[in-house]
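Trainee: With the input below, show me the fold.
(chains A and B)
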Amino acid sequence: MSTVASSHDTHHEHHPTGLKRWLFTTNHKDIGTLYLWFAFIMFMTGGAMAMIIRAELFAPGMQVVDPHFFNQMTTMHGLIMVFGAVMPAFVGLANWQIPLMIGAPDMALPRMNNWSFWILPFAGTMLVSTLFMQGGGPAFGWTFYAPLSTTFAPASTDFFIFAVHLLGISSIMGAINIIATILNMRAPGMTLMKMPLFVWTWLITAFLLIAVMPVLAGVVTMMLTDRNFGTSFFDAAGGGDPVLFQHVFWFFGHPEVYIMILPAFGVVSQIIPTFARKQLFGYASMVYATAAIAFLSFIVWAHHMFTVGMPVAGELYFMYATVMIAVPTAVKVFNWTATMWKGSMTFETPMLWAIAFVFLFTIGGFTGLMLGVAPVDFQYHDTYFVVAHFHYVLVTGAVFAIIAGAYYWLPKWTGNMYDEKLSKWHFWLSVISVNVLFFPQHFLGLAGMPRRIPDYAVQFAEFNMMSSIGGFIFGLSQLLFLYIVIKSIRGGAKATDNVWEGADGLEWTVPSPAPYHTFETPPAVK
Amino acid sequence: MSAGRKINRLFSLIIATLLFIPNIAFAELKLNMTEGVTSISRDAYDLHMLVLWIVTIVGVAVFAVIIYSLIYHRKSKGAVAAQFHESTTVEVIWTIVPLVVLVLIAIPATKTLLEIEDASNPDITIKVTGWQWKWQYEYLDEGINFFSNLDAKSNEARERNSGIDVKTVEHYLLDVDKPIVIPVGKKVRFLTTANDVIHSWWVPALGMKRDAIPGYINEFWTRVDEPGVYRGQCAELCGKDHGFMPIVVKAVSDSEYQDWIKGQKLAMAEAAAGADKTWTKDDLMKRGEQVYNASCAACHQPTGAGIPGVFPGLVNSKITIGPAADHINIVVNGKAGTAMQAFGAQLNDADLAAVITYERNSWGNAASVVQPADVKAAR
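Mentor: A predicted model of the protein is given here:
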């Protein structure tokens, strides 16, 4: 962290230095940096757990861990990656970029901004600390279905519930701040339909967060009272309903999926036009498609639950509504394609990640469509096919977009260009290994391997070994990213204000690195 | 094994794999979904292939456009950016076309779904109950009732550092001590429920997966065309040994099925007879060890040590060296609000007496012997 501090301290504005600067900061750039570093640390923590999972699954038979610990690893890996890595990383990008992109001097609610970040390290630490408690940490999957997570869960589950509450509060405050900033602090002339797409996707994401995080808080509170205060929301023996848990959870959980992917759409929609040197093909239709996806996300939740035994009318409805999402998603992919078409493309690192995003996210979208077809979902459900699907949309989707965004804006943040050669190594190692990691998992799932099992029948051995090798390479490649970022903070070729030849937008009108305070006088937007 | 040796072994495995990747016979690897042996599984397979082909064609088309563009529309080739954007016609077309494709998928999907969900007029009904971590099958028309556990060989080999090469275990993790038997050509209705947490009953060849949920009774049906042995697993995370509760379905001709039913009824009568005699301690200990390993060791561990904070240990514990009545009570009736099941419903009096005796006289414990009659009296 001190290296980051020194690079920013070269500027003339007054602010506290050292630890105090980071603890008490209300500056959107500092808080954005904090969010991004926190997310990266969590990404490596969750990644280390994935390495343990892949080491155990490297060969059939139990070698590395016991099943109880394996379940803790799958659970914590999911929770940490969703709530600790992907969501905070996008909030970090939002903090840095939204004020710069709409010509605002800072976020609308700077003190709350500080608080919403500083909740995170405590919530994250509490969550991870459960692993060291007697009985171990949560071992019921990141979806924590009752009654496995209530009557049958370890004592540490109450700490998990508190951690989820804190993470939820942080997310809601972050979302309020983003909405308040976008709706009130745009520079004169920056009408809604002139906003960069990253800002649009975040505005819609923030509304999703405010709508569903309280639902998550509700469901964990019901768990808490079931566990400690004698209620029976989810306990059939007391007149409760275990399936109710799943309905409430997925009413949060499905929009949550889009919370993690809409800002990724935004990042990619900034990068592709820049390096194609061509305007985004259909700006308005991209905005409408984002809004349509957000709306649909509220009415498709039970497609995660086709096997719970819903009435056939319910299954039909959720199938039809789910496959409808393919339409606005296809519109987005067609738009990116049409933007590249007849452009004048160059392939700097951010563009490479963005193109990989378009290809690989589309594959994840295809398997999503397949999973939406209820009568076949009875075969796919809870197998490695699902694991492959959601890692294609979350790793090669969300995470790739975050990395693309980091490379794209890094010169603006640090004032230095990153090492183009090393970053290309980072890209190619990642994009090849991630496919070796996740593509064979489609085959495993179709051949009948259930997810969340610590050991498997021997016919699944070859693809698991392949997947593990891909996983180890992918994990190690991310250390290269850390090195590249630190190198760029410490020095390197000086970045111009515009950084990229085809870059367009207010963030490129300020110096590189962006001064501590920007747009104290609003810019004029035509 | 030390951590260093573990890493060594892992490393040599990685090297070995890299060397042998070209030699892996990919033809033997299963890449696609099974077609299965029921009309449902074949319909599901057909739908799977239909959607797979549609997305493959769309994918190839879109990716071809992008790749063409990546090759020819690059600045280094002197491409100058065209500045076209926004075209209502194009955008309406690429919204309508996917919609039409979706309708083409939805029509057969609806038909198949309606067929799958029609479990009316079955020939046989079997109730399936999920337990941590085994399946209970009740043939409701015949009064047959039994539990199906992971078979002993797999169970031994799956222990960490068991020293057994799992590749030498036949049907590793996919074999049970007692499979369910169904006749071919008959409509069999399954009713699923669970005793503790949610499980999910899945046999890929039957094309059906259905959750077993405490407090719920779900139904699905199957009609198997070909005699054979079909294997599956629990598909919903249900705790520590979720990966170790397989399912084996044996589909046989109707006459074989009738013979099996008769044999089961006979065996049940014999087992009931064992409850009336007085056993020697040695016999109880021997039988108790088998029962313990099948029903208790998953939680309390083969050493009786349990897992601190999750599953209590049995060595020198208040229950195992205390009064026999308390011990019998907790094994027969379970402990509400915990993972301790009521084994009175699962085991007969002789098995219960044997396993209680075993727990009271193993791992250094030295307490009283319990006879089947004691268990019977306590029920």
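Trainee: Enumerate the residues of the stretch 151-300 of chain A near chain B.
Mentor: A:151-152, A:154-155, A:236-237, A:240-243, A:276-285 (C-beta under 8 Å from any C-beta of the partner chain). C-betas here are computed from N, CA, C, even on glycine.
Trainee: Now a ChimeraX select for only the buried ones of the residues you listed.
Mentor: A single ChimeraX command is used to select the members of those judged buried by 16 or more other C-beta atoms under 10 Å in any protein chain shown:
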select /A:151,152,154,236,240,241,242,243,276,277,278,279,280,281,282,283,285
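Trainee: mind listing which of the residues of the stretch 151-300 of chain A next to chain B are in helices?
Mentor: Among those, the ones falling in helices (DSSP state H) are A:242-243, A:276, A:283-285.
Trainee: Buried by neighbour count: which residues of whatever helix or strand A:V219 lives in qualify?
Mentor: Per DSSP states H and E, A:V219 falls inside helix A:197-228. Across helix A:197-228, burial judged by 16+ other C-beta under 10 Å covers A:197-213, A:215-217, A:219-220, A:222-224, A:226-227.
Trainee: same thing with stretch B:293-307?
Mentor: B:293-301, B:304, B:306-307.
Trainee: Now for those: which two are most distant?
Mentor: Using C-beta to C-beta, the pair of the buried residues of stretch B:293-307 lying farthest apart is B:A294 and B:I307, separated by 18.4 Å.
Trainee: Assign a three-state SS to B:F146, would you?
Mentor: Assigned by DSSP: H, G, I helix; E, B strand; the rest coil, the conformation of B:F146 is strand.
Trainee: Any idea what it is bridged to?
Mentor: B:Y137 (DSSP bridges).
Trainee: neighbours of it, just the number please.
Mentor: By other C-beta atoms under 10 Å in any protein chain shown, the residues close to B:F146 number 16.
Trainee: With B:S317 instead?
Mentor: B:S317: 16 neighbours (other C-beta under 10 Å).
Trainee: And the one 5 residues further on, by the same measure?
Mentor: Neighbourhood size, B:G322 [other C-beta under 10 Å]: 12.
Trainee: Skipping its backbone neighbours, what lies nearest it in space?
Mentor: For B:G322, ignoring the flanking residues on the chain, the nearest one in space by C-beta to C-beta, 6 or more residues apart in numbering or on different chains is B:A367 at 7.7 Å.
Trainee: Name the residue of chain A that lies nearest to chain B.
Mentor: Per C-beta to the nearest C-beta, A:A236 is where chain A lies closest to chain B, at 2.4 Å.
Trainee: So that residue sits against B:I198, correct?
Mentor: No. Here A:A236 lies out of contact with B:I198, judged by C-beta atoms under 8 Å, at a distance of 10.3 Å.
Trainee: hey, what's in contact with both of the two?
Mentor: A:147, A:242, B:213-214 (C-beta atoms under 8 Å, 6 or more residues apart in numbering or on different chains).
Trainee: Would you point out the most distant pair within these?
Mentor: Largest pairwise distance in those, by C-beta to C-beta, is 9.5 Å, between A:P147 and B:I213.
Trainee: Show me whatever sits in contact with both of these two.
Mentor: A:236, A:242, B:198.
Trainee: of the residues you listed, closest to B:Y45?
Mentor: Using C-beta to C-beta, the shared contacts of A:P147 and B:I213 come closest to B:Y45 at B:I198, 26.7 Å.
Trainee: Flag the shaky bits of the stretch 151-300 of chain B, pLDDT-wise.
Mentor: Low-confidence segments of the stretch 151-300 of chain B (pLDDT under 70): B:274.
Trainee: how about a cut-off of 80?
Mentor: B:270-277 (pLDDT under 80).
Trainee: What residues sit buried inside stretch A:310-324?
Mentor: In stretch A:310-324, counting by 16+ other C-beta under 10 Å, buried: A:310, A:315-324.
Trainee: What about the shared contacts of A:A236 and B:I198, which are in helices?
Mentor: Mapping the shared contacts of A:A236 and B:I198 onto helices (DSSP H) picks out A:P242.
Trainee: what about the helices in the stretch 201-350 of chain B?
Mentor: B:254-273, B:281-295, B:297-300, B:324-333, B:349-360 (DSSP state H, counting those that start in this stretch).
Trainee: Of all those, which one is nearest A:G502?
Mentor: helix B:297-300 (61.0 Å).
Trainee: Which of the three states applies to B:M33?
Mentor: Here B:M33 is coil, with the state taken from three-state DSSP.
Trainee: quick check, A:A404 in a strand?
Mentor: No. Counting by three-state DSSP, A:A404 falls outside a strand, being helix.
Trainee: Tell me which residues touch it, please.
Mentor: By C-beta under 8 Å, 6+ apart, the contact set of A:A404 is A:267-268, A:271, A:350, A:353-354, A:357.
Trainee: cool, and B:Q136?
Mentor: B:128-130, B:145-148, B:195, B:346.
Trainee: CSV please, covering those residues and showing distance to A:G136.
Mentor: Below are the contacts of B:Q136 laid out as CSV (distance: C-beta to C-beta, whole Å):
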residue, distance to A:G136
B:V128, 30
B:T129, 28
B:G130, 23
B:N145, 35
B:F146, 33
B:F147, 28
B:S148, 29
B:N195, 24
B:Q346, 27
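Trainee: quick one: which of those is nearest to A:L127?
Mentor: Nearest member of the contacts of B:Q136 to A:L127, counting by C-beta to C-beta, is B:G130, at 29.3 Å.
Trainee: State the number of residues packed around that closest one.
Mentor: Neighbours of B:G130 (other C-beta under 10 Å): 26.
Trainee: Now it: closest residue in space that isn't a chain neighbour?
Mentor: B:H199 (3.0 Å).
Trainee: quick one: that neighbour and B:I247, what's the gap?
Mentor: For B:H199, the distance to B:I247 (C-beta to C-beta, to the nearest Å) stands at 10 Å.
Trainee: which neighbours do those two share?
Mentor: B:135, B:234.
Trainee: still on that earlier bit, now, which of the shared contacts of A:P147 and B:I213 sits nearest B:K240?
Mentor: B:I198 (14.9 Å).
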